[in-house]
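In: pasting a predicted model and its sequence here:
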Amino acid sequence: MFPTRFQKHLNAKEKGKAFEDKACEYLESIGFRVVLRNYKPTKYSEADIIAIDGDMLVGVEVKGLVNRVDEQFGEDYIRSAVSSNKIRKVVNAVRIYQQDLGIIDSPSRIDVVFISGLKLFHYKNISA
């Protein structure tokens, strides 16, 4: 279920959960294994999703847009919609997760999943 402008009765937390649910469904459909959701080990680190893609640990930021129906999002839009500070928080969350598991040297990356209307866009290896 995608939140739409017809679901205005949903609060922000419910809309966020719906977008994250859809992102998880998508990621699992392309072979990712979702291991954590809403991971916030400190106030300076958080990730909507922590997943495994092959041998890569992936921190995922999900951005849902209820009233946008763009055909695609370019790099400029990603930069304006997801701040460098937000990406750093995801990077920090991935590092803490790696430390907790003792896999600090394992490969990792940050992805962003945008959902707008019925469209989903997945951008891999985003940097702050």
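Out: Right, received. Where do you want to start?
In: what about this protein, any weak spots by pLDDT?
Out: 1-10, 66-79, 128 (pLDDT under 70).
In: for Ser106, what are its contacts?
Out: 55, 57, 98 (Cβ atoms under 8 Å, 6 or more residues apart in numbering). Yep, even glycine has a C-beta here, placed from its N, CA and C like the rest.
In: just the strands in the protein please.
Out: Using DSSP state E, the strands found in the chain span residues 33-42, 45-53, 56-65, 108-116, 119-123.
In: just send these back as a markdown table, with distance to Cys24 too.
Out: Converted to a markdown table, the strands of the chain look like this (distance: least, Cβ to Cβ, whole Å):
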| stretch | distance to Cys24 |
| --- | --- |
| strand 33-42 | 5 |
| strand 45-53 | 6 |
| strand 56-65 | 9 |
| strand 108-116 | 9 |
| strand 119-123 | 12 |
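In: and Asn11, which of the ones you listed is closest to it?
Out: Checking those against Asn11 by Cβ to Cβ gives strand 56-65 as the closest, at 13.3 Å.
In: re earlier: just the buried ones from the contacts of Ser106?
Out: Neighbour counting with 16 or more other Cβ atoms under 10 Å marks 57, 98 as buried within the contacts of Ser106.
In: nearest to Arg33 among the contacts of Ser106?
Out: Leu57 (10.5 Å).
In: Ile50 pairs with what?
Out: Leu36, Gly59 (DSSP bridges).
In: wait, which of the contacts of Ser106 is closest to Tyr44?
Out: Nearest to Tyr44 among the contacts of Ser106, with distances taken as Cβ to Cβ, is Gln98, at 15.7 Å.
In: list the contacts of the closest one.
Out: Gln98 neighbours (Cβ under 8 Å, 6+ apart): 57, 104, 106, 108.
In: can you tell me how far the residue nearest to the second one when sequence neighbours are not counted is from Gly64?
Out: Spelled out, it's Ile104. Excluding its sequence neighbours, the residue lying closest to Ile104 (Cβ to Cβ, 6 or more residues apart in numbering) is Gln98, at 4.8 Å. According to Cβ to Cβ, to the nearest Å, Gln98 and Gly64 sit 27 Å apart.
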